[in-house]
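Asker: sequence first, then the predicted structure, then my questions.
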2 protein chains.
Amino acid sequence: MNGPADRAQLALLLEVAGTPKPGNVDRERDLSALRFEHFLAGAVGSRTGLDMAEAGDPVGAAFERSVAGMATQEGGNTQFGSLLLLVPLVSAAAAELTPERCDDVVSETTVADAEAFYRAFDHVSVAVDDPPADAAALDVRRGSDAIPAVRERGLDLQSVLELGVPGDDVAREWVTGFERSFAAADRLGDRSGPVVDRTAAVYLSLLAERPDTLVVTRHGESVAADVRERASTLAERDAVVTDRPAVTTFADDLVAEGINPGTTADLVAAGLFIALERGTISV
Amino acid sequence: MNGPADRAQLALLLEVAGTPKPGNVDRERDLSALRFEHFLAGAVGSRTGLDMAEAGDPVGAAFERSVAGMATQEGGNTQFGSLLLLVPLVSAAAAELTPERCDDVVSETTVADAEAFYRAFDHVSVAVDDPPADAAALDVRRGSDAIPAVRERGLDLQSVLELGVPGDDVAREWVTGFERSFAAADRLGDRSGPVVDRTAAVYLSLLAERPDTLVVTRHGESVAADVRERASTLAERDAVVTDRPAVTTFADDLVAEGINPGTTADLVAAGLFIALERGTISV
């Protein structure tokens, strides 16, 4: 390992290797069109953008580059949300990886960063909620077509992500000092055993905590609440360790219903990076 | 994907993901002290050296750097042999990835490349045969201590690897225009389906072809011959596709006996790189 970009790339790889991670691609499970190998290629492709973040390039440009590289594989969107967390974390790590420094990185973002963020949506299709009626011009799914509206309103990237918070727990990290990412890192460090096993346990604990916002977007709040509730029951008895078959059954059910708690996987990737960076886990 | 270094890194990741690969770590199997996550970290750490090869740096220096980075993980030697194939292949790919260009890369190596090769052994413990009695001073396990002998005899890296050919099928690639690596690439391109499945089938076909030299080194020729024979029986009926349980049984037996056909896995990594570079497989 050399620097933060290496560790961010490793975090992407460890995240997808962590198994069982019900509803997500993992070491033991492919989804129909989205396979393990696509995540491997996404992690490889992301690297140049992560290098830019480590080198101190603007967060927006580094993010757009990482997404463009990630999107060169054939599976579609593999790690957009993970990169939206990792890029500012790598940027902060170049100085000091603390919630305060992360806040600084976020508050220092500019309109140019926001423009690059919108351009990132040109590279890959991302599942997001409809924006509020008064913000249709800023719909991220418009990609670079939305840039004139961004400029007109003078929105920096922090402001853009604040708009996204209600329905997106990746955006929420940007305005909370990456609260759950740091919590995930603490939990990863507190557990023992191979990192890929810790990853599965921490994934379940995060899924138990709040409804996954990607599941809300795709299936509604009721389904997301049910998934959270079921994860909670399993996490309470640390089922990844004590009753793995029960977790596998949960995973089978989610896959059968097409439910993919992708936001929770993104938070795990961020937690893995922080834990690697702080040395509380190592491989 | 950007260039050859990206594709070489992806080849390392796809190799370890390919399953079942009897006797080796793969997506479904860890060995006791050597786990999947170590290979992920090894692939991340290798990257700087692969970048050097892509940039046209000397093969020896690029190889030593890739090994130093690979060795920062805690599992020990994960990809030494794979990198000894990938570095000259990446170097060749910067011009044209043909057996002829690979021969040129090999024949252009210098004494300085040989010195760097010996230094690479300082970073990690590698299983190799005893050298011939008259070449004890050149034993690679001496690492950089052997460099004065290398200089005194004026050996370039090609000459050093020629000395290793009898017991090492990675070294053999260097003197045969990477014959089996290119053959592996052809087979990967000829098959269909997810790359990780093709990888498993091509691994079996290579293992069926010649006794794995790492198995010879560690367990003797008779054991290696038995492994080859058993692989041959499975490969003849394409058991990765037609009878996966039989391949899994073979894998169980090899792991139980501590038999690790690592040289064959190295050849698969090289084949994956060539096939990715030529576009006969994609992810």
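Answerer: On my side now, so go ahead. Numbers count the residues shown, from 1 in each chain, chains lettered A, B, ... in the order given.
Asker: just the closest residue of the stretch 151-283 of chain A to chain B, please.
Answerer: In the stretch 151-283 of chain A, the residue that lies nearest chain B is A:V283 (4.3 Å; C-beta to the nearest C-beta). In short, each C-beta sits where N, CA and C put it, glycine included.
Asker: what's the helix or strand for the nearest residue to that residue once chain neighbours are set aside?
Answerer: Leaving out its chain neighbours, the residue that sits closest to A:V283 by C-beta to C-beta, 6 or more residues apart in numbering or on different chains is B:A41, at 4.3 Å. B:A41 belongs to helix B:36-54 when assigned by DSSP states H and E.
Asker: now that helix against helix A:36-54, angle please.
Answerer: Using axes from the mean of the first three to the mean of the last three C-alpha atoms, to 10 degrees, the direction of helix B:36-54 lies 60 degrees away from that of helix A:36-54.
Asker: quick one: pLDDT of the residue of the stretch 151-283 of chain A closest to chain B?
Answerer: A:V283 carries a pLDDT value of 96.
Asker: ok, now which ones touch it?
Answerer: Contacts for A:V283 (C-beta atoms under 8 Å, 6 or more residues apart in numbering or on different chains) come out as A:L10, A:L14, A:V195, A:L276, B:E37, B:H38, B:L40, B:A41, B:Q73, B:E74.
Asker: what is the mean pLDDT for stretch A:62-74?
Answerer: 97.
Asker: could you export it as PDB, CA atoms only?
Answerer: Output of stretch A:62-74 as PDB, limited to C-alpha atoms (Å, rounded to 0.1, in the frame of the first residue of the first chain):
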ATOM      1  CA  ALA A  62     -11.600  13.700  -9.100                       C
ATOM      2  CA  PHE A  63     -15.100  12.300  -8.600                       C
ATOM      3  CA  GLU A  64     -16.000  12.700 -12.200                       C
ATOM      4  CA  ARG A  65     -12.800  11.000 -13.300                       C
ATOM      5  CA  SER A  66     -13.300   8.100 -10.900                       C
ATOM      6  CA  VAL A  67     -16.900   7.600 -12.200                       C
ATOM      7  CA  ALA A  68     -15.800   7.700 -15.800                       C
ATOM      8  CA  GLY A  69     -13.200   5.000 -15.100                       C
ATOM      9  CA  MET A  70     -15.500   2.900 -13.000                       C
ATOM     10  CA  ALA A  71     -18.100   3.100 -15.800                       C
ATOM     11  CA  THR A  72     -15.800   1.500 -18.400                       C
ATOM     12  CA  GLN A  73     -16.900  -2.000 -17.300                       C
ATOM     13  CA  GLU A  74     -20.000  -3.600 -18.800                       C
END
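Asker: return the distance of that stretch from the chain's centre.
Answerer: Mean-position distance between stretch A:62-74 and its chain equals 14 Å (C-alpha atoms, centre = their mean, to the nearest Å).
Asker: mind listing what A:S125 touches?
Answerer: If a contact means C-beta under 8 Å, 6+ apart, then A:S125 has A:G76, A:N77 as its contacts.
Asker: dihedrals phi and psi, A:R29?
Answerer: A:R29 adopts backbone torsions of phi -150, psi 130, taken as degrees, to the nearest 10.
Asker: do A:G154 as well
Answerer: For A:G154, the backbone dihedrals (degrees, to the nearest 10) come out as phi 60, psi 40.
Asker: would you confirm that it contacts A:A112?
Answerer: No: using C-beta atoms under 8 Å, A:G154 makes no contact with A:A112, being 11.4 Å away.
Asker: can you redo the contacts of A:V283 as a markdown table with neighbour count and distance to B:R29?
Answerer: Output for these, formatted as a markdown table (neighbours: other C-beta atoms under 10 Å in any protein chain shown; distance: C-beta to C-beta, whole Å):
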| residue | neighbour count | distance to B:R29 |
| --- | --- | --- |
| A:L10 | 24 | 21 |
| A:L14 | 30 | 17 |
| A:V195 | 25 | 17 |
| A:L276 | 25 | 24 |
| B:E37 | 26 | 13 |
| B:H38 | 25 | 13 |
| B:L40 | 28 | 14 |
| B:A41 | 29 | 17 |
| B:Q73 | 24 | 18 |
| B:E74 | 13 | 18 |
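Asker: which regions of chain A sit below the pLDDT cut-off?
Answerer: Residue ranges of chain A with pLDDT under 70: A:1.
Asker: and for it, the residue most distant from the center?
Answerer: Largest separation from the mean C-alpha position in chain A: A:E152, at 29.0 Å (C-alpha atoms, centre = their mean).
Asker: the helix or strand harbouring that residue: which residues count as buried?
Answerer: Element membership for A:E152, per DSSP H and E: helix A:147-153. Going by neighbour count (16 or more other C-beta atoms under 10 Å in any protein chain shown), the buried part of helix A:147-153 is A:I147, A:A149, A:V150.
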